[in-house]
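[1] My questions are about this predicted structure, shown below with the sequence.
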Amino acid sequence: MEEGYKAVRLQITGKVQGVWFRAWTVKQAEGLGLDGWVRNRTDGSVEALVVGGQENVDVFIRLCHEGPPKAHVTGVSVDAAQGITPKGFVQKPTV
């Protein structure tokens, strides 16, 4: 990974499904120029892979602690990732 960039995998818990969290996530990531994806998980959480400039990834993580207006985030776990993803930010199917 280039210097100044980072990749993380997020798992967001709480009331985060059925509240437009994925669409909101895509909008936030695109606005920050980040690459990656977001998807619902069958356990009720939302998972995301986020790749980009360190500062913008950190802003994205902070935003995910709040989420969209109807969400109620109770936790955000952040793990380092390899960051292998196409350009752009997309919604993926539930796993």
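    Received, thanks. All of these numbers come straight from a predicted model, not from anything done at the bench. Numbering: from 1, shown residues only.
[2] May I ask you to name the longest strand in the chain?
    Counting residues, the longest strand found in the chain (DSSP state E) is strand 5-15.
[3] Check which residues of it are buried.
    Lys6, Ala7, Val8, Arg9, Leu10, Gln11, Ile12, Thr13, Gly14 (16 or more other CB atoms under 10 Å). Where you see a C-beta, it was placed from the backbone N, CA and C, and this is true even at glycine.
[4] Please enumerate the helices of this protein.
    Counting by DSSP state H, one finds helices in the chain at the ranges 21-31, 54-64.
[5] winner for burial among those?
    Mean neighbour count, computed with mean count of other CB atoms under 10 Å, is highest for helix 21-31 among the helices of the chain, reaching a mean of 19.
[6] could you give the mean pLDDT of it?
    Regarding helix 21-31, the rounded mean pLDDT is 98.
[7] Tell me which other helices or strands it touches.
    In this structure, helix 21-31 makes packing contacts with strand 35-40, strand 46-53, helix 54-64, strand 89-91, judged by 3 or more CB pairs under 8 Å, 6 or more residues apart in numbering; DSSP states H and E.
[8] ok so, going back, ok, which of the helices of the chain comes nearest Thr42?
    helix 21-31 (14.4 Å; CB to CB).
[9] what does that closest one contact?
    Residues external to helix 21-31 that are found in contact with it (CB atoms under 8 Å, 6 or more residues apart in numbering): 12, 35-36, 38-40, 46, 48, 50, 60, 63-64, 67-68, 71, 88-91.
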